[in-house]
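Model the following, please.
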Amino acid sequence: MRRRIVRPNTRSFTGRHVGEDSKTVRFESGLERDFLTLLRLKPDFVDVDEQPQTFFYVDRAGAERKYTPDFRAILAHGVVYYEVKYKDQLRADWERFSHIVPFMRRHLREAEGANFRIVTEKTIRSVRSQNFLLLAGHASRKPDAKMVAVIINHLRHSERRTIGELLSDIDGPDRGRFYATLWPLIVRRGVFANLDQPLSMKTVVGCIDERA
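Numbers count the residues shown, from 1 in each chain. Okay, here's the model as predicted:
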């Protein structure tokens, strides 16, 4: 069956998420919007479609049911179908998903070697994810090449530094370009940053090849 089209409505928070390639993907909740932002920041991201296909399965009572996952993502290592749900919604609808999950995982593995995952706000709204959302606007910015060299040089010739310590190390006429260069480097994994704590001047950074 062809994919279901997500249309604007007054019962849920809908909108359009536009990637760097200008492709528009519709979402039906703020959680889905944030998920798309994080997905498109993944270094192995290739493409994504919303409501890609409707699947038919038989529940334990023998009744035929249908299910349409929220997204299909093409990643460098393969294809993953995603269901994005708030935890309370998933809990309330778990009787249905207790049939869907094993069916989707088995069917997708056998039919196309794909995976199926459910993601909730526990992952999407984690500290690490929220840090990446804050940095998302810097993902497409081209960092200053000279400042990149300065930052990498300081990190390679010193112990891991906090952002505040690194800024002090290179304080001077290049200070104004520091953040405009560091944020894209972190998003693009050119510089390692401990993003498991809220992003601040105390965030530890280091060369990516020195990460533990």
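
Show me what the helix or strand harbouring L39 is packed up against.
Using DSSP states H and E, L39 maps to helix 30-41. For helix 30-41, the helices and strands in contact under the criterion 3 or more Cβ pairs under 8 Å, 6 or more residues apart in numbering; DSSP states H and E are strand 15-18, strand 24-27, strand 45-50, strand 71-75, strand 78-84, helix 121-124, helix 127-135. (C-beta placed from N, C-alpha, C; glycine too.)

Relative to R105, tell me which of these wins on proximity.
Nearest of those to R105, taken as Cβ to Cβ: strand 78-84 at 9.5 Å.

Pull the residues that contact stretch 196-205.
With contact meaning Cβ atoms under 8 Å, 6 or more residues apart in numbering, stretch 196-205 is reached by 127-128, 130-131, 134-135, 155, 160-164, 166-167, 182, 186, 191-195.

please redo it, this time with the cut-off set to 7 Å
The contact list for stretch 196-205 (Cβ atoms under 7 Å, 6 or more residues apart in numbering) reads 127-128, 131, 134, 155, 160-164, 166, 191-194.

Closest one to V101 out of these, please.
When the contacts of stretch 196-205 are compared against V101 (criterion: Cβ to Cβ), the nearest one is R128, at 24.7 Å.

which intervals of this structure have sub-threshold pLDDT?
1-12, 171-173, 209-212 (pLDDT under 70).

Tell me who's in contact with the nearest residue to R33 once chain neighbours are set aside.
Excluding the flanking residues, the one nearest R33 by Cβ to Cβ, 6 or more residues apart in numbering is F27, at 4.7 Å. Contact criterion Cβ under 7 Å, 6+ apart gives 14-15, 17, 33, 36 as the residues in contact with F27.

Checking the closest residue to Y81 other than its chain neighbours next. Helix, strand or coil?
Distance criterion Cβ to Cβ, 6+ apart; nearest residue to Y81, sequence neighbours excluded, is P69 at 4.4 Å. Of the three states, P69 takes coil under DSSP: H, G, I helix; E, B strand; the rest coil.

Distance-wise, check H17 relative to A63.
Separation of H17 from A63 (Cβ to Cβ, to the nearest Å): 35 Å.

Repeat that for D49.
D49 is 28 Å from A63, by Cβ to Cβ.

The two: which is more packed in?
Counted by other Cβ atoms under 10 Å, D49 and A63 do not tie: D49 has more neighbours, with 14 against 9.

By neighbour count, which of the contacts of F27 wins?
Neighbour max across those (other Cβ under 10 Å) = L36, 26 neighbours.

who are the neighbours in contact with it?
Contacts for L36 were tallied using Cβ under 7 Å, 6+ apart; they are 17, 25, 27, 48.

For V187, give its distance to L133.
Here V187 is placed at a distance of 11 Å from L133 (Cβ to Cβ).

repeat for Y81
Using Cβ to Cβ, Y81 is found at 23 Å from L133.

Quick one: residues contacting the most centrally placed residue in the chain.
The geometric centre of the chain, computed from its C-alpha atoms, lies nearest to L38 (Cα atoms, centre = their mean), at 2.0 Å. Applying Cβ under 7 Å, 6+ apart, we find L38 in contact with 124, 129, 132-133.

Most widely separated two among those?
Farthest-apart pair in these is I124 and F132; separation 10.2 Å (Cβ to Cβ).
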